[in-house]
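Asks: no FASTA, just this:
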């Protein structure tokens, strides 16, 4: 018998004329955590979807425990003990934890559900993962992090041998991620093999035993994580040994004594965030650093007219303003690249073109009422060229683009409306490393041309690369203001945001 | 990556309504060849009979596109026909009758819009309630009695007249589809309606005033259903509370057949016209086939299900 619990051999897959996977092979050892990395479009999601039965392979072999198996559906995968934790949660929010875990496989007594038995079983599963949750809690009452834990519990309750995680930490706070890692280690001890897809190199080095790198639908290499550094993985992914250094800080200049474009004075947003003050100059990039839940998103949403402030002042060019709605904010020169690209940033069923011009379509008109299609087409094709958006046609549905290219279109929306102040909330979440670097360049260029930027990210390396000034926020309070040149290492900033 | 293949499938679903129209037409043309189904007069008749639903479906494209639904259109048309006939009886002024109808229709649309945007009622329930209330109003105003219209000019312009072989009803339909096509495809308002239905949050975060868009689509729907009421009045030379009974469902079916999604964000003006004609053609053929009105209802329902299922199938294939 082979030493592997699962082998994928020479897998090929095409969509139409495009070969997405070319002779890709992948081996999983029993009880290992195996990272799968690659740029968006490298084929890692496709490979995992073939393994979990969402797609079927064109050719190649799937060998489980030394036996050749065919996986045609998610049920086939389940029967072989393979399950996937999806990026978009697959729980029913209105049902309880217990009801979700047993959804479709309820324990029955005759024709009726055996609630007592299911509750006992649910408690067992939760305890095994070290979760102290009441099985009757509605999933909608759980935090994002806990929801994900329940999702894992659901998978584990089905006797899985192989568990696939797709960007599991993207929506988690640091403490929740730590909890997730505890659970992963626990599962490993119980003999479960795991595939871990992530863009976060630190996590991969921390939790994974081996890492496989894909590029352009082909295997690059598989390495032991104990033997590699982050820069090595990034270099393999990009196929370019120098690319690991694109998060380097490039000192910028702007008029530090100029007038403030934006002043926020004693802004009260809720009980926790009750005294926010800062200012922003023309051409400045201001970072809001803090842990998830520290209040970064709320500050930007308030400036953008999504939340009503309870007190305090917002001044633009020295004049007080009130934004009752995003439409007001846009009129006054704000733009927001929101945290949740798919839910808040894009209309997924519409084309690249429609999305790119949405905030300005009312202005791109001729004869006072008609769409100026010529100008619109020119602007969108300029966007595609300037920002390096990879798409066949501007009329393609935007959902067909990769995460990084979708995000570039969200940014293009705002560049087209020429705002004075552009806010970025986690602009690189779920975006591959190559596109991350490009997005950072776009932000720098916008500020160099006189725009002012408010930038928030959970990734300290990015904040360090792009910001001139960084405000640290802890639990709703501004705890410090740092000049970029005074911060020497990532650790310093990392420590600063942990301080009360 | 998959875009090429996808595009082909999107095209298929886009043209599905035309394919269905041709299939249904050929089917009836063969079965009813001896009953005069394909006579030019009968074909023009179909267009004439569907004019009211067609006109309301113009607004339906905006309403469904914006992710809303308007069930008041049928009773709104009935009440407008009552208003038109009563005003003509009192004053004989066509202009006054027309303006009063439009004002009433826009007013109902305004109330629908306020219920949805201010009180945050789901559009389905808000307009379901309004539909009953307006229908009741149309019955109450004359105690269910019909009101005849003796103003011949009015009847000619809005119902019974012909220009050459073409009924004015067909001309009105054309006028509204041309206007509707331009507004829907060539102005920002059309795109903003689709954006509101496609993803309301993203539209709002892009600076679109989504509540205002919703108000406008309901008011547009009110105005066009009032005009459909005027066409009913002209065609029947009277006002009757029962006009437009069930039209709300025909309008939704026509717009969805035309490629719109009930979830919002998509829609086609020409598709809606073809959808309405398809619906009219089916009822016309069933009458010609000599079915009783009970049988007509049954077959009509089944054909609508089949037609929507067929175009859904094309849509679903796109997603795989």
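Replies: In hand now; what should we look at? Predicted model, so just to flag it, every value in this text is computed and none were measured. Numbers count the residues shown, from 1 in each chain, chains lettered A, B, ... in the order given.

Asks: For the chain, give me the ranges with low pLDDT.
Replies: Reading this off chain A. For chain A, the stretches flagged by pLDDT under 70 are A:1, A:17, A:40-41, A:87-89, A:170-171, A:240-246, A:292-293, A:491, A:500.

Asks: try chain B instead
Replies: By pLDDT under 70, the low-scoring segments of chain B are B:1-13, B:311, B:314-320.

Asks: hey, where'd the helices end up in it?
Replies: B:3-31, B:40-49, B:51-65, B:73-91, B:94-117, B:123-140, B:152-155, B:168-186, B:188-198, B:200-205, B:210-236, B:247-257, B:269-288, B:293-319 (DSSP state H).

Asks: For residue 122, grab the count of nearby residues.
Replies: Defaulting to chain A. For residue A:122, the neighbour count with other C-beta atoms under 10 Å in any protein chain shown is 25. To be clear about C-beta, it is placed using only N, CA and C from the backbone, and glycine gets the same treatment.

Asks: you looked at the wrong chain, it should be chain B
Replies: The number of residues packed near residue B:122 is 12, by other C-beta under 10 Å.

Asks: Contacts only, for it.
Replies: Residues in contact with residue B:122 (C-beta atoms under 8 Å, 6 or more residues apart in numbering or on different chains) are residue B:116.

Asks: now with 6 Å?
Replies: The contact partners of residue B:122, by C-beta atoms under 6 Å, 6 or more residues apart in numbering or on different chains, come to none.

Asks: For chain A, what is the nearest residue in the stretch 51-200 of chain B?
Replies: The nearest approach of the stretch 51-200 of chain B to chain A comes at residue B:198, 3.9 Å away (C-beta to the nearest C-beta).

Asks: Test my guess that that residue contacts residue A:351.
Replies: No - counting by C-beta atoms under 6 Å, residue B:198 stays clear of residue A:351, with 10.6 Å between them.

Asks: Which residue of those two possesses the greater neighbour count?
Replies: Between residue B:198 and residue A:351, counted using other C-beta under 10 Å, residue B:198 has the larger neighbour count: 26 against 19.

Asks: how much space between the more buried one and residue B:256?
Replies: According to C-beta to C-beta, to the nearest Å, residue B:198 stands 16 Å off from residue B:256.

Asks: just to revisit the earlier point, so of the helices of chain B, which one's packed in deepest?
Replies: Comparing these by mean neighbour count (mean count of other C-beta atoms under 10 Å in any protein chain shown), helix B:51-65 ranks first with a mean of 31.

Asks: Residue A:205: neighbouring residues, count only.
Replies: Residue A:205 has 16 neighbouring residues, counting by other C-beta under 10 Å.

Asks: Backbone dihedrals for it, please?
Replies: phi -70, psi -30 (degrees, to the nearest 10).

Asks: Could you do residue A:114 as well?
Replies: Main-chain torsions, residue A:114, degrees, to the nearest 10: phi -90, psi 90.

Asks: Now it. Nearest residue, chain neighbours left out?
Replies: residue A:107 (4.6 Å; C-beta to C-beta, 6 or more residues apart in numbering or on different chains).
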